[in-house]
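# Here is the input, now give the coordinates:
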Amino acid sequence: MSKSVVYSPTAPEAIGPYSQAIQAGNMLFVSGQIAIQKSTNTIITDTIEEETTQVLQNIKDILKAAEMDFSHVVKCTIFLKDFNDFAAVNAIYGKSFSSNPPARETVEVSRLPKDVNIEISCIAVK
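I've put the predicted structure just below:
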């Protein structure tokens, strides 16, 4: 099985020793994304809706670099700092996965990188 790094120049750079995504065979493993806006190198945390939108845009950019889109996603993991944001996140998230949504879990955590409120990772298959 082949393994290769997938890189999107429009998604934020990794903030540690990891890749934006790894493609292994027909599977793509996208690292957890936070709401860093690449063009300004700014972390978006004004509202959970804006933050979630930016996270999903980053994932979309990485999927595109692998010649995929949200329809290829089979599994997501959502990490929330505050589970009270669950409904607002679902409203935004649902726009990206309007039909045949992937499997998913959502967990509340005490802290996330850069003190953001949400992080999402996913697995996609071609």
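# CA only for contacts and neighbour counts going forward, please
Fine.
# what residues are up against the residue nearest to Gly32 when sequence neighbours are not counted?
Nearest residue to Gly32, sequence neighbours excluded (C-alpha to C-alpha, 6 or more residues apart in numbering): Ser121, at 4.0 Å. Counting by C-alpha atoms under 8 Å, 6 or more residues apart in numbering, Ser121 makes contact with 29-33, 76-78.
# mind redoing it with 7 Å?
Going by C-alpha atoms under 7 Å, 6 or more residues apart in numbering, Ser121 touches 30-33, 76-78.
# Take those residues and keep only those in strands.
30-33, 76-78 (DSSP state E).
# For Asn100, see how far away the residue nearest to Pro113 when sequence neighbours are not counted is.
Excluding the flanking residues, the one nearest Pro113 by C-alpha to C-alpha, 6+ apart is Ile34, at 7.9 Å. From Ile34 across to Asn100, the span is 24 Å (C-alpha to C-alpha, to the nearest Å).
# Give me the more crowded residue out of these two.
Ile34 (28 against 9; other C-alpha atoms under 10 Å).
# What confidence value was assigned to the more buried one?
On pLDDT, Ile34 comes in at 98.
# Go ahead and confirm it touches Asp115.
No: using C-alpha atoms under 7 Å, Ile34 is not in contact with Asp115; the gap is 9.8 Å.
# Run through the residues that contact Ala21.
Taking C-alpha under 7 Å, 6+ apart as the test, what Ala21 contacts is 5-7, 28-31.
# make it 6 Å
Contacts for Ala21 (C-alpha atoms under 6 Å, 6 or more residues apart in numbering) come out as 6, 29-31.
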